[in-house]
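> All I have is the shape, not the residue letters:
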């Protein structure tokens with residue numbers, strides 16, 4: 001028998017969008033947008049190269065993902 005409880009993904013998404021669960025992500029996306037240089041992460045707008053990329057790596061520990069270069073290491 002399977003003793004694990006199943007998670008209702010609909011309720012997880014409902015909680016995510018009806019609360020302020022992603023408020024920090026939205027604020028961080030705005031901050032990253034102000035940093036200079038392209039290319040950027042398609043999800044959180046983190047720059048990967050240049051001065052903005054150095055700032056993102058040092059302060060936020062974000063860099064280009066090894067699995068998909070269009071996204072960061074979230």
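Looks like it came in fine. Keep in mind it's a predicted model, so treat the numbers as computed, not measured.
> Could you pull out the buried residues of the helix or strand harbouring residue 54?
Under the criterion of DSSP states H and E, residue 54 resides in helix 50-60. By neighbour count on 16 or more other C-beta atoms under 10 Å, the buried set for helix 50-60 is 52-53, 55-57. All C-beta atoms are positioned from the backbone trio N, CA, C, and that covers glycine.
> As TSV, those residues with distance to residue 13 and pLDDT would be great.
What follows is those, written out as TSV (distance: C-beta to C-beta, whole Å; pLDDT from 0 to 100):
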residue	distance to residue 13	pLDDT
52	31	92
53	32	92
55	32	92
56	28	91
57	31	93
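> And these, which is closest to residue 69?
Nearest to residue 69 among the buried residues of helix 50-60, counting by C-beta to C-beta, is residue 53 at 13.0 Å.
> Now the closest one: closest residue in space that isn't a chain neighbour?
residue 47 (4.9 Å; C-beta to C-beta, 6 or more residues apart in numbering).
> I'd guessed the one you found sits against residue 34; true?
No: Residue 47 is not in contact with residue 34 according to C-beta atoms under 8 Å; the separation is 10.0 Å.
> neighbour-wise, which of these two wins?
The residue with more neighbours, out of residue 47 and residue 34, is residue 47; 23 against 8, by other C-beta atoms under 10 Å.
> distance of the more buried one from residue 57?
10 Å (C-beta to C-beta, to the nearest Å).
> which neighbours do those two share?
Listed as contacting both residue 47 and residue 57 by C-beta atoms under 8 Å, 6 or more residues apart in numbering is no residue at all.
> In this structure residue 15 contacts residue 9, no?
No: the criterion here is C-beta under 8 Å, and residue 15 misses it with residue 9 at 10.7 Å.
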